[in-house]
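S.K.: Okay, here's the prediction I keep looking at, along with the sequence it came from:
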Amino acid sequence: MNEIPKTQEEAAAILGLKPTTLATWRHKGRGPRYLKIGRSCFYRESDLEAWLDAQAVIPIPKDNA
């Protein structure tokens, strides 16, 4: 366990989001995986990267026929 978990604020900055967006997503069961330690939530950077990778969309060219 070499990674130091990021706070909600740090994770939001990495993702370019507001911290409240992450809180809302957690409440709705969305967003990146997180750790619950006591009453606080933390994010592993590897989980943030994995979640971002899963959000990638590969465009499908439209057939011009």
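M.R.: Good, I have the coordinates. Numbers count the residues shown, from 1 in each chain.
S.K.: Please enumerate the helices of the chain.
M.R.: Counting by DSSP state H, the chain has these helices, from start to end: 8-15, 19-28, 45-54.
S.K.: Quick one: those helices as TSV, columns for distance to I60 too.
M.R.: For the C-beta atoms, the positions are set from N, CA and C on the backbone; glycine is no exception. As requested, those are exported to TSV (distance: least, C-beta to C-beta, whole Å):
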stretch	distance to I60
helix 8-15	26
helix 19-28	27
helix 45-54	18
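S.K.: Quick check: which of those helices is buried the most?
M.R.: Using mean count of other C-beta atoms under 10 Å, the stretch among the helices of the chain with the largest mean neighbour count is helix 8-15, at a mean of 17.
S.K.: Hmm, T7 is touching F42, no?
M.R.: Yes: counting by C-beta atoms under 8 Å, T7 touches F42, with 6.4 Å between them.
S.K.: Looking at the two, which one has more neighbours?
M.R.: Taking neighbours as other C-beta atoms under 10 Å, T7 and F42 compare with F42 leading, 16 against 13.
S.K.: mind checking how far that one is from A56?
M.R.: 24 Å (C-beta to C-beta, to the nearest Å).
S.K.: What of W25?
M.R.: 18 Å.
S.K.: same question, R26
M.R.: 22 Å.
S.K.: For K18, which residues are in contact?
M.R.: Residues in contact with K18 (C-beta atoms under 8 Å, 6 or more residues apart in numbering) are A12.
S.K.: what do you get for L52?
M.R.: L15, P32.
S.K.: per-residue confidence at it?
M.R.: Predicted confidence (pLDDT) for L52: 96.
S.K.: What of the one 5 residues further on?
M.R.: The confidence metric pLDDT takes the value 94 at V57.
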